[in-house]
Every structure is written in structure tokens, then in C-alpha cells.
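For reference, the sequence and a predicted model appear below.
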Amino acid sequence: MQRQWIRLLMIFLVAVGVAIAGANLLASSPNIDYSTGYQTTDSTSTTASFVEFPPDYNQQFFQYATVDCPNSGIVRKMFVNQASLDTIATSQTVPSGTVIVMETHSAQEGAGGQLVPSQLNNVFIREKRTGWSVHPDSGEWQSAWYSPTGSRVSSGQSSCISCHTGVRDRDYVFTLPALISAAQTGQLQRQQTEFGTSVCR
Ligand code: HEC
């Protein structure tokens, strides 16, 4: 009888231990949005992003690129504010005040194998302003992630910075060559991602 009690007590203690360990694990795991893999909160930087959602970018901005990610079935559309276009065309550099909006769409393969966007999922925005450095290797850019309707999903900077430092030689803009070509020719550039499929959400 006494043995039975000791065994029950042991089981109870182990169960409490497992529950506490589980709760700790949940609390300490980073806040990741598993549908995109992008981090929604920022543990390393508490700097709030000042990047606003431009409500009328669809009409007011110039779409300079469409980037297909065939393996993940994602199409990304890039827009830039009109006021920066002339400077980009002539100096091939991105001036302070530039706002780049990137929409990500799920897509299906259409006739001829080209991806056809079916649903807008996310709006990623990067804005450049003099003095806006938030990190030694992020240029003068700040980032924000919005839903298609303009509600902020995240203003965390570090997950955006971690990838965009890879193109510091392009002023942290992956699609800088397409942006310059589009600014110079007025033509939307269509291309496949140069950076493999793991980056495409
Ligand atoms: C996993 C790597 C990765 C992460 C993380 C990432 N990006 Fe990007 N981003 C890219 C790549 C690669 C491109 C170029 C488009 C392509 O090839 O699909 C890009 C393009 C962009 C563009 C268009 C301008 C440009 O640089 O070409 C914007 C705007 C953008 N990202 C915003 C963000 C924001 C905001 C975040 C953080 C919420 C973020 N990105 C996080 C890889 C990343």
C-alpha cells in the first residue's frame, strides 16, 4: 500500500516537472510566425520602426519589379515612391526619403509556365532616411512588415537586417540593378529571384 502511494507521488512530481519545463520552453521560444518564417518580435533591438504604411502606394508608387520564386510558388512585386526615381536613374544611387514596398503573393503556374499571383499575403516596407541607422551594418534603412490591409505585423528590425546585410554592396537593396534599370527605362523588370528559394515567403 505504502509503495503504491510513493509511486503515485513520484508520478505526480514528474508530471509537475514536465509541465514547468514545458511552460518555460514555450515562454523562451522566439516569437516566430511559422507561416512565413520571419520573426515577429525583436529580441535584440527595442528600437521602434518609424516606417509607415503608404495607404495609396498602389496608385502613387511606381512598380519597378516582379520577382518570381518558382520553387516556392511566390511572386513578389516591388514598388518605389515616384520622387526618388529621377535621382536613381541619373546617379544610380538611392536617395534619402526613398520608400520601397514589396508585396508577396501566393501564385499558381499559368499557361506557359509563368507564375500567376492569386493572393496578396504580406507587405514588407523599407525606407531610407539620413541618420536612420539602427545597426552598424544596416545602412540608413528601417523596416516594417504589414498585412495587406495595412495593420502592422512587426516593426522588428533584426530579422530584416540579418538578410539585407548580404547586399550591403547594393546599399542593402537586393533588387537594386532592377530598380536602376526600371528608373532609367520606365519599364517594369520581370525576373526570377537571384537568391535561391529559401528566402521566398
Ligand atoms: C531570408 C532573407 C530575408 C529576410 C529575413 C528579409 N528579406 Fe527582404 N528581401 C530578401 C530578398 C532575397 C529580396 C529580393 C527579392 C527576391 O529575390 O525574392 C528582398 C527584397 C526586399 C524588398 C524589396 C527591395 C529589395 O531589397 O530588393 C523589401 C522592401 C524587403 N525585402 C523588405 C524586408 C523586410 C521589411 C524584412 C523584415 C520584416 C525583410 N525584407 C526580411 C530577403 C530577405
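Sure thing, it's come through.

Could you use CA atoms for every contact and neighbour count after this?
OK.

Who does the most centrally placed residue in the chain form a beta bridge with?
With distances taken as C-alpha atoms, centre = their mean, Phe124 lies nearest the centre of the chain, 5.1 Å away. In this entry, Phe124 is beta-bridged to Met102, Trp145, by DSSP bridges.

Now do the contacts for it.
101-103, 143-146 (C-alpha atoms under 8 Å, 6 or more residues apart in numbering).

so which pair among those residues is furthest apart in space?
Farthest apart among the contacts of Phe124 by C-alpha to C-alpha are Glu103 and Ser143. That separation is 13.7 Å.

more crowded one of the two?
Remark: of Glu103 and Ser143, Ser143 carries more neighbours, 24 against 19, as counted by other C-alpha atoms under 10 Å.

Got the phi and psi for that one?
Per-residue torsions, Ser143: phi -130, psi 160 (degrees, to the nearest 10).

So Ile74 sits against Gln114, correct?
No: contact criterion C-alpha atoms under 8 Å: Ile74 and Gln114 do not qualify, at 11.3 Å.

So which of the two has more stuff around it?
Taking neighbours as other C-alpha under 10 Å, Ile74 and Gln114 compare with Ile74 leading, 24 against 12.

Quick check, pLDDT for the residue lying closest to the more buried one once chain neighbours are set aside.
Among residues not flanking Ile74 along the chain, Ser106 sits closest, at 4.8 Å (C-alpha to C-alpha, 6 or more residues apart in numbering). According to the prediction, Ser106 has pLDDT 95.

Need the three-state assignment for Ser106.
The three-state assignment at Ser106 reads strand, by DSSP: H, G, I helix; E, B strand; the rest coil.

domains of the chain?
Annotated domains of the chain cover 1-29, 57-192 [automatic domain parsing].

Compute the first-to-last residue distance for the longest one.
Looking at domain 57-192, the gap from its leading to its trailing residue is 23 Å under the measure C-alpha to C-alpha, to the nearest Å.

same check, this time on stretch 106-125
The first-to-last residue distance of stretch 106-125 comes to 18 Å (C-alpha to C-alpha).
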